[in-house]
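*Asks:* need coordinates for the below:
(4 chains)
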Number of protein chains: 2
Amino acid sequence: MPYTTKQRRAVLQCLEERASDALTPGEVAEELRRSGSPVGLATVYRQLEQLESTGLLHRIQTGEGALYQYCPHPSAPHGCFLLRCESCGRVSHLDCGHLQTLCDHLAAEHHFRVDPRQTVLTGRCQACAGKEALHGAN
Amino acid sequence: MPYTTKQRRAVLQCLEERASDALTPGEVAEELRRSGSPVGLATVYRQLEQLESTGLLHRIQTGEGALYQYCPHPSAPHGCFLLRCESCGRVSHLDCGHLQTLCDHLAAEHHFRVDPRQTVLTGRCQACAGKEALHGAN
DNA sequence: TATAATATGAAAACGATTCTCAATTTAAAA
DNA sequence: TTTTAAATTGAGAATCGTTTTCATATTATA
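*Replies:* Next up is the predicted model:
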């Protein structure tokens, strides 16, 4: 059974305080160092993995590595989906009936059970879509 | 402007012949070596990247690295979504009106434009969901 | 052909992540 | 409280996927 260590609490608190950001393990370690409670990078990795497996954190896999973000409603009945803007990197949470409807449809008609915890809808947020319409598209 | 080299053709042909599989760059290189037209790993990476950017290949990012799969309909009007079974790893293509409806809804109500080419719906296919119901869940 | 632009491949470099292992901390038992 | 066994820590080494380097080879064009 896992022990409750001060490193574990520090990692979770760090992500809770920056609940609107998705951070890399390195950024978490740096943040903790600056705030005066340094945690070894290996331990940061270990704790992030454990906290994710219990549902307290979201994990977002990008081409450059993993991001972790605090999960605001860890015990939602059906989990929640993530929207990630590939331009600014921001991740937002989406709890929308239409998505549930789609998942039901996929299960019934396409024999596929989507796992919301593993699925990230990637695209453009409004702000970034607007900017790119002005300047040259990307 | 890119040249049409024999390595480029070999990489694309390799993935076309195994259109139902998502392969790692290393697996592509190995396959080519075995089939008698070896291509350097660095070149495999370069060609996969280019072929993906033209829409001929899908790219799926996993925790262990990237997978590439032949795209059966590269010029679909709205792109297509991918379903990936996190148990057996198989990737299937989904061209479904319900998904388009959802994307329209997200754009209209949530101000977010999903990019199908960047989005992978991860979950369990029927076969794997069935197996796991029998044996211990995973 | 001659040439200029582009691609190749082997090896080195790189960066994210995992592993190793001795030292430390935790939680529960005595 | 002390003891004890299990679990965690952290620094550095190791691993692994990917990118870069650069001299050589290939491609398309003049």
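*Asks:* what lies in contact with the helix or strand containing A:R113?
*Replies:* In this assignment (DSSP states H and E), A:R113 forms part of strand A:112-114. Outside strand A:112-114, the residues that touch it by C-beta atoms under 8 Å, 6 or more residues apart in numbering or on different chains are A:102-103, A:106-107, B:83, B:85, B:92, B:121-126, B:129. No exception for glycine: its C-beta is placed from N, CA and C like everyone else's.
*Asks:* give the buried subset of the residues you listed as a ChimeraX selection command.
*Replies:* Remark: buried members of the contacts of strand A:112-114, expressed as a ChimeraX selection using 16 or more other C-beta atoms under 10 Å in any protein chain shown:
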select /A:102,103,106,107 /B:83,85,92,121,122,123,124,125,129
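*Asks:* which among the contacts of strand A:112-114 gets closest to DNA strand C?
*Replies:* Set against DNA strand C, the nearest of those by C-beta to the nearest atom of the strand is B:T122 (16.9 Å).
*Asks:* measure the closest one to A:Q13 for me?
*Replies:* 29 Å (C-beta to C-beta, to the nearest Å).
*Asks:* with A:V28 instead?
*Replies:* Separation of A:V28 from A:Q13 (C-beta to C-beta) stands at 11 Å.
*Asks:* same check, this time on A:G130
*Replies:* Plainly put, A:G130 is 35 Å away from A:Q13 if you go by C-beta to C-beta.
*Asks:* which one of these two has more residues nearby?
*Replies:* A:Q13 (14 against 11; other C-beta atoms under 10 Å in any protein chain shown).
*Asks:* could you measure from that one over to A:Y70?
*Replies:* Remark: distance between A:Q13 and A:Y70 (C-beta to C-beta) = 10 Å.
*Asks:* buried set for the helix or strand where A:Q50 lies?
*Replies:* When elements are assigned from DSSP H and E, A:Q50 belongs to helix A:41-53. In terms of neighbour count (16+ other C-beta under 10 Å), helix A:41-53 has its buried residues at A:43-48, A:51-52.
*Asks:* wondering if it reaches DNA strand C at all.
*Replies:* Yes - shown here: helix A:41-53 in contact with DNA strand C (C-beta under 7 Å from any atom of the strand) through A:41-42, A:45, A:49.
*Asks:* what comes into contact with the next helix or strand after that helix?
*Replies:* Moving toward the C-terminus from helix A:41-53, the next helix or strand (DSSP H and E) is strand A:57-62. If you take C-beta under 8 Å, 6+ apart as the criterion, strand A:57-62 is touched by A:12, A:15, A:22, A:48, A:51-52, A:66-71, A:82, A:84, A:91, A:117, A:120, B:61-63.
*Asks:* and strand A:57-62 with strand B:57-62, angle?
*Replies:* Interaxial angle of strand A:57-62 relative to strand B:57-62 (axes from the mean of the first three to the mean of the last three C-alpha atoms, to 10 degrees): 150 degrees.
*Asks:* list the strands paired with strand A:57-62, with their directions.
*Replies:* Applying DSSP bridges to the sheet, strand A:57-62 is found paired with strand A:65-70 (antiparallel).
*Asks:* for the partner strand, what is the average pLDDT?
*Replies:* Averaged over strand A:65-70, pLDDT sits at 97.
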